Structures are given as structure tokens and as C-alpha cells.
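Student: sequence and computational prediction follow.
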Amino acid sequence: MMRTKFFLLLSAALILLYAPAPTMAQEDRIVVLANSIDYELSSDFFEFLGNKAMKVIRVDASNFDEYKKEKFIVILGGPDAYEGVGDVVRQVLGSNEQSYLRTPGKRRMYVKTNIWIEGQRVSVIAGYNRYQTQTAGDGNGVRLYQNFLDLGEDPALTKKRNYMVDANLKGRDIRDERVLEVMGRVPRHKFVREGDQSTAYADHPLPIAEGQTISQPYVVALMTQALQLGGQEKVLEIGTGSGYQATILAELVEEVYTIEIREKLASSAEERLAGLGYNNVHIKHADGYFGWEEHGPFDAIMITAAVNHIPPPLIEQLKDGGKLILPLGSTVYFQTLTLIEKKDGELTATHITSVIFVPMTGEAQKGG
């Protein structure tokens with residue numbers, strides 16, 4: 001009896017000893033293809049992935065075919081990159097690369113999904129020209145972070161965010177593909193109070209600190225879409241709040257300048273966005289009524305608080321040909337979401353829909 005038990009235990013031990021180690025799921029790792037310099041310059045990005053418990057697998061272009069069906073792939077470099085990287089980029093993007101270009105300009109990012117397997121995400125991070133190493137690595141870090149914010153998050157939140165986009169945005173009149181893509185990826189639950197995270201993707205405003213609110217997702221998308229952003233703009237936002245609207249804008253334009261009159265909100269938003277890797281958002285604690293003159297003129301301006309008149313300094317800081325969107329009307333009851341366009345010094349207004357925003361404080365409350 002004892003001998004039989006011994007052999008059973010020995011057999012179990014041998015099975016454990018020779019059993020293959022569990023392999024890492026594709027969802028837990030990222031394949032990175034980069035030439036030597038780009039890889040070195042992007043060390044902060046790889047640290048970011050490590051903090052999300054993602055294993056980074058670096059491969060050479062000659063071995064890329066072995067890994068081309070991985071769930072997440074990042075390629076650092078454009079079609080003219082060396083060490084064979086450019087050859088793979090041309091293979092991924094094909095001849096119609098503009099179809100996958102997220103942000104044109106000096107920081108370029110291409111994103112394709114479902115290339116070789118369902119749900120696959122392949123990101124190509126490229127600089128402006130063949131001297132792209134610093135832009136693609138160091139200066140373009142913000143684009144790297146932004147494409148992988150949802151890694152490791154609760155799948156239930158991902159499902160809710162997808163529903164928000166499909167039902168509440170696409171299901172209404174949001175048609176801008178870039179706006180839809182960004183709102184389907186930015187983690188809105190990180191911009192609300194901890195107790196409200198489960199309802200972060202419901203289509204209604206939510207309270208944040210200092211008696212303020214984070215706008216309804218549909219209104220965020222509608223205001224953003226109305227500006228018709230192309231990717232190279234410099235945008236001013238009045239009313240940072242928790243930073244969610246600034247984050248959506250940061251994904252779509254070159255630079256965002258945002259002003260918050262409440263110091264605690266400005267400080268917490270700055271910390272939050274820095275933690276998420278957004279280095280193209282500049283936050284200032286001040287009265288937004290006066291704008292941010294030293295960084296003007298702006299291609300677009302967004303006011304995210306109710307006003308009964310358009311602040312004159314903001315009109316002056318709006319570039320000719322630019323657009324300004326704001327909730328205009330009573331600061332007590334409701335407002336009309338209004339798009340202002342400036343051309344040859346003249347303003348034209350387009351009324352979009354009725355909205356309700358918290359009132360703009362400071363200088364805005366003195367005039368009318």
C-alpha cells in the first residue's frame with residue numbers, strides 16, 4: 001500500500017516537473033517592431049506598458065511574420081524607416097495609408113484593426129519625415145500612450161463604452177469617424193468619482209468635485225464634431241473640469257490649451273492627464289473669460305460652461321477662419337449650443353440644439 005502511494009506521488013511530481021509552463025495570453029503582451037534608435041528613445045512607453053503588466057516582445061523585421069497574428073503590435077517608424085522596419089510598414093498600410101492616419105502633422109499615428117486576426121490592433125507610429133526617430137520615439141510618446149489606455153481595464157467597462165458609442169453616439173447624429181474612434185477608446189471612467197465609475201458611460205452628466213459636472217457623452221461628441229477638426233489645430237478650452245473634454249480634443253489636434261478657474265480642479269486634472277501620458281494638453285488655473293492671449297490665436301475655442309454673451313477676449317483670440325462653440329443663453333435655465341465662425345473679422349452663428357450647462361463664473365457673471 002505504501003509503495004503504491006509512493007509511486008502515485010512520484011508520478012504526480014514528474015507530471016508537474018515536465019508539464020509545460022503556462023504561456024502568456026496574447027492579451028498580456030505586445031509585439032514591438034522598431035529600429036535600434038526608436039526603440040531606445042521609447043523607453044518611457046515600454047515602462048508604461050510594464051506598469052500595465054504587459055510583456056514587451058521586441059522582434060526584428062526578418063522575424064515579423066512569426067508574430068504578425070499577435071493581438072497587439074506596435075511599429076515605430078514610417079515607410080522609409082531602416083533596419084527593415086519600413087518594409088513592414090508598407091506591408092501593413094498598403095497604398096492607401098491616409099485611410100488609417102489618426103493625426104496628421106508632425107506627430108503621425110496610423111491605426112489598423114482586424115488585419116490578420118479578429119480584434120487585432122496594429123499601430124504604426126511615424127515621424128514627419130525620414131529623420132523621424134526622435135519624433136516617433138521621444139516627441140511622439142503621447143500618441144503611443146493614447147492608443148493603449150484601455151489595456152488591462154475591466155472588460156465590463158469596455159463593453160459599456162462600446163455600447164455608449166454604438167447606441168448613444170452612432171445611434172444619433174455623430175458621424176465623425178475620428179470622434180467616434182477616440183470616444184470608443186478614452187477611459188471616461190477615469191474622469192469621474194470612484195463611486196460613479198460603473199455609470200461613467202451612461203448618456204447623462206455626472207457630478208465631479210467643486211460642485212461641477214462632466215458633460216453627457218453625446219454633448220461632448222457633438223461639440224467636438226461641430227468644430228470639424230482636421231488634426232493640426234491649436235485649440236483653447238474654457239472650463240477644464242475633470243479633463244475629459246480636453247483629453248478627447250488632445251487625441252484629435254496638435255495642442256490643447258485649457259483653463260480652469262477652480263484651482264483644485266485644475267490641479268487634479270493636470271495630475272490625471274499627466275498620469276495618462278497626455279503631454280499635448282496645457283492646463284492653466286485662471287479665469288477663462290480672458291483666454292490665454294500669449295498662445296493665441298487659436299484655430300478653435302470651446303467653452304464648456306453657460307454664458308449669456310461671448311467673452312470679447314475670446315473673439316479676439318480666435319483665428320480668422322476659426323470656430324468657437326459654446327452654450328449661449330440663460331445661465332439659470334437652459335442654453336442653445338451655438339457654433340460661431342469668424343471670417344474676415346465677421347461672426348456668423350449656427351444654433352445646434354438646446355443644452356443645460358453649469359454657469360461660467362468669474363468675469364462672465366459681471367456682464368451681459
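Tutor: Cool, got the structure. Numbers count the residues shown, from 1 in each chain.
Student: for His189, grab the count of nearby residues.
Tutor: Per other CB atoms under 10 Å, the neighbour tally for His189 reads 18. For every residue, glycine as well, the C-beta is placed using N, CA and C.
Student: mind checking the SS state of it?
Tutor: Three-state call for His189 (DSSP: H, G, I helix; E, B strand; the rest coil): helix.
Student: excluding chain neighbours, what is closest to it?
Tutor: The shortest distance from His189 to any non-neighbouring residue, by CB to CB, 6 or more residues apart in numbering, is to Ala200 (3.8 Å).
Student: is it true that that neighbour touches Arg193?
Tutor: No: shown here, Ala200 and Arg193 do not form a contact pair, counting by CB atoms under 8 Å, at 9.5 Å.
Student: so which of the two has more stuff around it?
Tutor: Counted by other CB under 10 Å, Ala200 and Arg193 do not tie: Ala200 has more neighbours, with 21 against 13.
Student: surely Pro313 is in a helix?
Tutor: Yes: looking at Pro313 with three-state DSSP, it is inside a helix.
Student: quick one: contacts for it?
Tutor: By CB atoms under 8 Å, 6 or more residues apart in numbering, the contact set of Pro313 is Tyr289, Phe290, Gly291, Glu293.
Student: in JSON lines, list these along with secondary structure and neighbour count.
Tutor: Listed next are these as JSON lines, based on DSSP: H, G, I helix; E, B strand; the rest coil; neighbours: other CB atoms under 10 Å:
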{"residue": "Tyr289", "secondary structure": "helix", "neighbour count": "22"}
{"residue": "Phe290", "secondary structure": "helix", "neighbour count": "16"}
{"residue": "Gly291", "secondary structure": "coil", "neighbour count": "25"}
{"residue": "Glu293", "secondary structure": "helix", "neighbour count": "10"}
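Student: which of the residues you listed sits closest to Ile208?
Tutor: The closest of the contacts of Pro313 to Ile208 turns out to be Tyr289 (CB to CB; 21.0 Å).
Student: give me the neighbour count for the closest residue to the closest one other than its chain neighbours.
Tutor: In this structure, Tyr289 finds its nearest non-sequential neighbour in Glu363, 3.9 Å apart by CB to CB, 6+ apart. Glu363: 14 surrounding residues under other CB under 10 Å.
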